[in-house]
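Trainee: My questions concern the predicted model and sequence given below.
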Amino acid sequence: MSSDERYVVADIDDVLWGIDLTEGKRYLATASGYCPAISPNWVAWAEWSDETGSDDLCFAPLSQLEGTPSAPAESPVSSSPSSGGGYRSPEVAIDLASGGSESISAHGISVSVETPGGGKGRAVCLPTDDAVEISLEGEPGGVRIVVSGGALCVLDEKLGAWAPVDGAVYGVIGAVYRDGSCVTALLLKEGRFAAFKKLPNVKVVLSADRVEGFARGLSSARVVLNGADRPVVLHEGGFRAEFRLGPGRHNIECVVERDGRKFVCFKKNFWWYADFEKHWSYATAGSFLEEHPEVFGETLYLLPDLPAKRGEVAKLLKAALDLPDLGGDVPFRDVPPSDGTLASAARAVYDASLMVGYPDGTLGAGKDISRVENIVLLGRVAKKLGVTPGFSGGAPFKDFGQVPAWAKNEVAEAAALGIAKGYPDGTFRPLAKVTRAESPVVVLRVARTAPSKKV
């Protein structure tokens, strides 16, 4: 504190602030680790500079504040406190043409911006009251943002809100890599980004006639359905918007505001089936099939109790396990290359050695798949994902004798793993057909519980 008890330096969430106790104002001094020259013996504040066209960070020893508040401004301008005061811009900038890297820390968040050079424009990092913001101006040319200890967001200009970066963003972010609490994003175009220590935790529930968000402390909420704003009711426990979804493709976005910041808390592009929401399998497979209508087709009805076809199961495995399509010829002679979705799935499951087809060189894409065939297939998936069978012998089902000899061991292992579940009467019914509802439920059960997520 200064001797006149007007100014004090305080560390708030790892950010050093100069606070004017008389006027009740605080001025950003520095983020921890950004400007080591400033310490509890120094005070700093932001001043507009006509020369630079931005706020500069001014600083001086507390001992100089015994006189008038203008005393530090009369000190010589310097990049170091050794001359008694000076200024330093609070932002860190990188020229994208020359390349290089810079780091900045605030609020327990560390942000590094790296560029190999060859781009156009600049990248600017600036600590704010609650985040570290990164502005990318021009053409990136291979810029990487590395965030540790925080959540990376990109500003959705259309919604005017910060959207969490969970993966690649078409046209903006090429790839996202995660290693513990560290996130690395490869940027494709200019934009505004920010790293926040914590994002609002909003539980969102979508149904055919409404969307509800559950969170306290929200100052506003917005729901955009198919490009149009819907009336929103804001209440103490969150928000609610009512509508009626018809069969077909929809896009919904939910934005919430807390502490002066707006965040995208929910975003979904999906296909709505007229007959699926009330089905027993919807709780497990509903969201997945809505986001992957290519599995059973973009139709008015899903018809969840119809038998699943082998070709549909191939598409299901590709989508649920994120199997890569390496290209090349279609390995099954009954899969036409003109059916791009099925051909891609056929190549993916064949390359992963999950579905190798029949001796005649066909996939049997249009054939129903039996429960025993499905379980043997999923046993292969489980093993590739690192699940270890724990079966120790014995018949797991009353009708285990009806299981074909070639599949007995694999069905027994699948039962021990919890993949093969019987009916309430203790039977497995190995020759019964797997339905469109049952197939994704079992596949997702395997994919979500496996140690590894990649085949």
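Mentor: Structure's in. What do you need?

Trainee: Now do the helices in the protein.
Mentor: 282-291, 310-321, 340-351, 371-384, 408-417, 438-449 (DSSP state H).

Trainee: middle-most residue in this protein, spatially?
Mentor: residue 166 (1.7 Å; CA atoms, centre = their mean).

Trainee: roughly how far apart are it and residue 201?
Mentor: Residue 166 is 15 Å from residue 201, where distance means CB to CB, to the nearest Å. C-beta coordinates here come from the backbone N, C-alpha and C atoms, glycine included.

Trainee: what's the answer for residue 321, then?
Mentor: Distance, residue 321 to residue 201, using CB to CB: 29 Å.

Trainee: Please apply the same query to residue 218.
Mentor: Separation of residue 218 from residue 201 (CB to CB): 11 Å.

Trainee: between the two, who's got more neighbours?
Mentor: For residue 218 versus residue 201, the count of surrounding residues by other CB atoms under 10 Å is larger for residue 218: 20 against 9.

Trainee: Excluding chain neighbours, what is closest to the more buried one?
Mentor: Leaving out its chain neighbours, the residue that sits closest to residue 218 by CB to CB, 6 or more residues apart in numbering is residue 256, at 5.1 Å.

Trainee: hey, what's that neighbour bridged with?
Mentor: Note on residue 256: beta-bridge partners by DSSP bridges are residue 221, residue 263.

Trainee: what's the neighbour count on it?
Mentor: Neighbour count of residue 256, defined by other CB under 10 Å: 26.

Trainee: That one: what's it in contact with?
Mentor: Counting by CB atoms under 8 Å, 6 or more residues apart in numbering, residue 256 touches 200, 202, 213, 215, 218, 220, 221, 222, 239, 262, 263, 265.

Trainee: Tell me the spacing between the third one and residue 237.
Mentor: Separation of residue 213 from residue 237 (CB to CB): 9 Å.

Trainee: neighbour count winner among those two?
Mentor: Legend: neighbour count by other CB under 10 Å for residue 213 and residue 237, higher for residue 213 (25 against 12).

Trainee: pLDDT score for that one?
Mentor: You'll see residue 213 listed with a pLDDT of 97.

Trainee: Next, work out how far apart residue 378 and residue 410 are.
Mentor: Here the distance between residue 378 and residue 410 works out to 9 Å (CB to CB).

Trainee: And for residue 339?
Mentor: Computed as CB to CB, the residue 339 to residue 410 distance reads 30 Å.

Trainee: Compare these two (neighbour count), which wins?
Mentor: The neighbour comparison of residue 339 against residue 410 (other CB under 10 Å) goes to residue 410, with 22 against 14.

Trainee: roughly how far apart are that one and residue 441?
Mentor: Remark: distance between residue 410 and residue 441 (CB to CB) = 19 Å.

Trainee: Over to residue 413?
Mentor: 19 Å.

Trainee: and if you look at residue 197?
Mentor: 38 Å.

Trainee: which one of residue 413 and residue 441 has more residues nearby?
Mentor: Taking neighbours as other CB under 10 Å, residue 413 and residue 441 compare with residue 413 leading, 22 against 18.

Trainee: Show the contacting residues for the closest residue to residue 145 other than its chain neighbours.
Mentor: Sequence neighbours aside, residue 185 is the residue nearest to residue 145 in space, at 4.9 Å (criterion: CB to CB, 6+ apart). Contact analysis of residue 185 by CB under 8 Å, 6+ apart lists 144, 145, 147, 152, 165, 173, 175, 176, 177, 193.

Trainee: make it 7 Å
Mentor: Residue 185 makes contact with 144, 145, 152, 165, 173, 176, according to CB atoms under 7 Å, 6 or more residues apart in numbering.

Trainee: got it, and residue 341?
Mentor: Residue 341 makes contacts with 294, 315, as judged by CB under 7 Å, 6+ apart.

Trainee: for residue 365, same thing?
Mentor: Shown in contact with residue 365 (CB under 7 Å, 6+ apart): 309, 310, 311, 334, 335, 342.

Trainee: Please tell me how far the residue nearest to it when sequence neighbours are not counted sits from residue 338.
Mentor: With CB to CB, 6+ apart as the criterion, residue 365 has its nearest non-adjacent residue at 3.1 Å, and that residue is residue 311. Separation of residue 311 from residue 338 (CB to CB) stands at 14 Å.

Trainee: just residue 233 next, same as before
Mentor: As judged by CB to CB, residue 233 and residue 338 stand 49 Å apart.

Trainee: With neighbour numbers in mind, choose between these two.
Mentor: Comparing residue 233 with residue 338 by other CB under 10 Å, the one with more neighbours is residue 233, at 12 against 7.

Trainee: Can you name the residues bridging to the closest residue to that one other than its chain neighbours?
Mentor: What sits nearest to residue 233 in space, not counting adjacent residues and going by CB to CB, 6+ apart, is residue 240, at 4.8 Å. In this entry, residue 240 is beta-bridged to residue 212, residue 233, by DSSP bridges.

Trainee: Repeat that for residue 164.
Mentor: Beta-bridge pairing for residue 164 (DSSP bridges): residue 153.

Trainee: Count the neighbours of it for me.
Mentor: Counted by other CB under 10 Å, the residues lying close to residue 164 total 15.

Trainee: related to what we said a few turns ago, measure the residue nearest to residue 218 to residue 232 for me?
Mentor: Here residue 256 is placed at a distance of 10 Å from residue 232 (CB to CB).

Trainee: Now for the two: what residues contact both?
Mentor: Common contact partners of residue 256 and residue 232 (CB under 7 Å, 6+ apart): residue 221.

Trainee: give the contact list for the residue nearest to residue 233.
Mentor: Applying CB under 7 Å, 6+ apart to residue 240 gives the contacts 210, 212, 233.

Trainee: Pipe these into CSV and attach distance to residue 114 per row.
Mentor: As requested, the contacts of residue 240 are arranged in CSV below (distance: CB to CB, whole Å):
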residue, distance to residue 114
210, 44
212, 41
233, 45
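
Trainee: from those, which is closest to residue 99?
Mentor: residue 212 (47.8 Å; CB to CB).

Trainee: how near is that closest one to residue 241?
Mentor: 8 Å.

Trainee: what residues do these two have in common as contacts?
Mentor: Contacts common to residue 212 and residue 241, judged by CB under 7 Å, 6+ apart, are absent.

Trainee: My guess is residue 267 contacts residue 255. True?
Mentor: No - counting by CB atoms under 7 Å, residue 267 stays clear of residue 255, with 9.4 Å between them.
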